[in-house]
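A.B. asks: Mind looking at a prediction? Sequence and model below.
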Amino acid sequence: MSDSAKTAIIFPGQGSQYVGMGRGFLEQDSAARELLARAEKLSGLPLARLCLEGPLEELTRTLNLQPALTVINLICLKAVQKAGVRADYYAGHSLGEYSALAAAGVLSFDDTIRLVTERGRLMEREAARNPGAMAAVVKLDFPAVAAIVAAAAPKGRITIANHNSAAQIVISGDTPAVEAASALAKEQGGKAIALPVSGAWHSELIAGAVPDFSKIMAATPFNPPATPIFFNVTAAPETDPGEIRAIMARQIAATVRWYEIIENLRAAGVGTFVEVGPKTVLSGLLKKIIPADYPCEIRQVDSPETLAAG
């Protein structure tokens, strides 16, 4: 690895949670415990109990999960920063993008926790009003899945929710449309795996959350990023606080362009990727996206042990 290679810190989103997440840092560091207590107060939710004791079903509720995962991501970030790791770029997958906003100084810690708490509440509200489904389509490329989505549209609202890697694309929408698209994917040599989610995230079905969330964001101070962030909606950096607000409002119901983000980070000279937060979901995607001959280091930190291993 050349010394000139740049570092990107990336944050996971929903789906990376587990009971016990953050325990090692919380046991060792009083500052970590203070952050969790602060997030608990701001959200009005029993985050310490949910993170450390569960049950998983309650932790995974969108309302609870968004502030819980965000504070654990930021606790892990503090440990990484204390160890001397500095980012040239930040990115976060869906919910993880709020951790990136906090890391880059766009949002204060308090405003980050307030926003993800409201985001979780509004997304849960819309999912209850408009139940839907999501499925991960593998072994087919983006144009093939886009064509399948178009073909399934007569069955209901459907869209591409996540472009995770070249051959892992998540679809989201009304259950009959997602089922029809899943059957078409199988016919075309792909495979569709139904995802255990409580809502049709990143689709038109939860777009009703956008106006209310926009109002909440309008009253929240946004700063220019101190470190560039590559955004889900655009797969590109943005520096204007007003534009960032607009991007983050759209993000709830827009496609997560993760594959393009990683390709753009590579083009920007990133040679070290550090996944900061629970599990290795993003590290797994990186291994699918990045060519084997590209000189690259992938690390993941969610405990004192994984931090020491780096």
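C.D. replies: Great, that's in hand. Since the structure is predicted, the reported quantities are computational estimates derived from the model, not experimental observations.

A.B. asks: so where is the stretch 101-250 of the chain shaky, pLDDT-wise?
C.D. replies: Within the stretch 101-250 of the chain, no stretch has pLDDT under 70.

A.B. asks: Is Leu74 in contact with Tyr98, as I believe?
C.D. replies: No. Between Leu74 and Tyr98 there is no contact under C-beta atoms under 8 Å: 9.3 Å. Placement of C-beta: from N, CA and C, glycine included.

A.B. asks: who has more neighbours, the two?
C.D. replies: Tyr98 (28 against 24; other C-beta atoms under 10 Å).

A.B. asks: I'd assumed that one was in a strand, is it?
C.D. replies: No. Using DSSP: H, G, I helix; E, B strand; the rest coil, the secondary structure at Tyr98 is helix, not a strand.

A.B. asks: pLDDT at it, what is it?
C.D. replies: If you check Tyr98, the pLDDT there is 98.

A.B. asks: tell me the contacts of it?
C.D. replies: Tyr98 is in contact with 66, 70, 92, 107, 112, 115-116, 119, counting by C-beta atoms under 8 Å, 6 or more residues apart in numbering.

A.B. asks: shared neighbours, Leu74 and Tyr98?
C.D. replies: Contact criterion C-beta under 8 Å, 6+ apart; residues shared by Leu74 and Tyr98: Thr112.

A.B. asks: ok, how many other residues are close to Lys155?
C.D. replies: The number of residues near Lys155, taken as other C-beta under 10 Å, comes to 16.

A.B. asks: Could you report the separation of it from Ala194?
C.D. replies: Applying C-beta to C-beta, to the nearest Å, the value for Lys155 to Ala194 is 16 Å.

A.B. asks: thinking Ala31 is in contact with Lys78, fair?
C.D. replies: Yes. The pair Ala31 / Lys78 is scored as a contact, 6.6 Å apart, by C-beta under 8 Å.

A.B. asks: Neighbour count for the two, which is higher?
C.D. replies: Neighbours were counted for Ala31 and for Lys78 using other C-beta under 10 Å; Lys78 has more, 16 against 13.

A.B. asks: Would you enumerate the residues in contact with that one?
C.D. replies: Residues in contact with Lys78 (C-beta under 8 Å, 6+ apart) are 29, 31-32, 35.

A.B. asks: try 7 Å
C.D. replies: The contact partners of Lys78, taken as C-beta atoms under 7 Å, 6 or more residues apart in numbering, are 31-32.

A.B. asks: Which helix or which strand is home to it?
C.D. replies: helix 62-82 (DSSP states H and E).

A.B. asks: in the stretch 51-200 of the chain, which spans are strands?
C.D. replies: In the stretch 51-200 of the chain, the strands defined using DSSP state E, counting those that start in this stretch lie at 89-92, 133-138, 158-165, 168-173, 191-194.

A.B. asks: mind listing what's buried in stretch 29-37?
C.D. replies: 29, 32-33, 35-36 (16 or more other C-beta atoms under 10 Å).

A.B. asks: For the residue lying closest to Leu77 once chain neighbours are set aside, list each beta-bridge partner.
C.D. replies: Spatial nearest neighbour of Leu77, excluding adjacent residues (C-beta to C-beta, 6 or more residues apart in numbering): Val276 at 5.2 Å. Val276 has these beta-bridge partners by DSSP bridges: Val301.

A.B. asks: Could you give the number of residues near Val276?
C.D. replies: Residues near Val276, counting by other C-beta under 10 Å, number 33.

A.B. asks: Verify the stated contact: it with Asn73.
C.D. replies: Yes. In this structure, Val276 is within contact of Asn73 by C-beta atoms under 7 Å, at 6.3 Å.

A.B. asks: intersection of neighbour lists for these two?
C.D. replies: Both Val276 and Asn73 are contacted by Phe11, under the criterion C-beta under 7 Å, 6+ apart.

A.B. asks: So Val233 belongs to a helix, correct?
C.D. replies: No. With three-state DSSP as the criterion, Val233 is assigned coil and is not in a helix.

A.B. asks: ok, now which ones touch it?
C.D. replies: Contact analysis of Val233 by C-beta under 7 Å, 6+ apart lists 247, 250-251, 254.

A.B. asks: what does Lys287 give?
C.D. replies: Ile298.

A.B. asks: Quick check: which element contains it?
C.D. replies: Lys287 belongs to helix 281-289 when assigned by DSSP H and E.

A.B. asks: For that helix, buried residues please.
C.D. replies: Buried residues in helix 281-289 (16+ other C-beta under 10 Å): 281-286, 289.
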